[in-house]
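**Student:** Let me see the structure of the following:
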Amino acid sequence: MDKHRNEAAGWGPRRLPILHVDGRAYFIDLRLQELRATDNPHVRIDLRTSHGRAAAAGWKAVPCPTCGQPSVVRRDDPAESRPCPRCGQALVLQGGEAVVRSAPGHADRPS
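**Tutor:** Next up is the predicted model:
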């Protein structure tokens, strides 16, 4: 396939968000529904298991309102922003939906 056409369609390399569980950093791969250790990709937590669901309980997967890329934001700390893995916008959870965190002194932009 054409490289430029793939990039325009949003396919291709992207940064996976990172989540810390029990002191270890994991990549969040929503496509495979698993967490993979950043230092050893063979260490993984399947999000379809009870252990995986417990590890991810404080997080919610939401589409970025800017580019549509699935991203993960905290449920328990709505003030903490997370960068979108594709476009880099700072995302926060507000009313169950992701919104783009605006600069200080400006209102957050709804999705």
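**Student:** Let me see the ranges of the helices in this structure.
**Tutor:** 3-8, 50-55 (DSSP state H).
**Student:** same question for the last one, mean pLDDT?
**Tutor:** If I follow you right, that is helix 50-55. Mean pLDDT, helix 50-55: 83.
**Student:** Could you do stretch 81-99 as well?
**Tutor:** Rounded mean pLDDT across stretch 81-99 is 79.
**Student:** distance between the ends of it?
**Tutor:** 10 Å (Cα to Cα, to the nearest Å).
**Student:** What residues sit buried inside that stretch?
**Tutor:** 81, 82, 84, 85, 86, 87, 89, 91, 92, 93, 98, 99 (16 or more other Cβ atoms under 10 Å). Yep, even glycine has a C-beta here, placed from its N, CA and C like the rest.
**Student:** and the gap between residue 69 and residue 96?
**Tutor:** 18 Å (Cβ to Cβ, to the nearest Å).
**Student:** Same check on residue 37?
**Tutor:** For residue 37, the distance to residue 96 - Cβ to Cβ - is 30 Å.
**Student:** do the same with residue 20
**Tutor:** Distance from residue 20 to residue 96, by Cβ to Cβ: 23 Å.
**Student:** And the strands in the protein?
**Tutor:** 18-21, 24-29, 34-37, 44-46, 59-63, 70-74, 82-83, 90-94, 97-100 (DSSP state E).
**Student:** Tell me which of the ones you listed sits nearest to residue 53.
**Tutor:** Among the strands of the chain, the nearest to residue 53 by Cβ to Cβ is strand 44-46 (9.5 Å).
**Student:** ok, and the helix or strand in the protein with the lowest average confidence?
**Tutor:** For the chain, counting by mean pLDDT, DSSP states H and E, helix 3-8 ranks last in confidence among helices and strands (a mean of 52).
**Student:** for the record, mean pLDDT for stretch 65-72?
**Tutor:** 80.
**Student:** partner residues bridging the closest residue to residue 20 other than its chain neighbours?
**Tutor:** Leaving aside its sequence neighbours, residue 20 sits nearest to residue 26 (Cβ to Cβ, 6 or more residues apart in numbering; 7.4 Å). Beta bridges link residue 26 to residue 19, residue 37 when assigned by DSSP bridges.
**Student:** No further questions, thank you.
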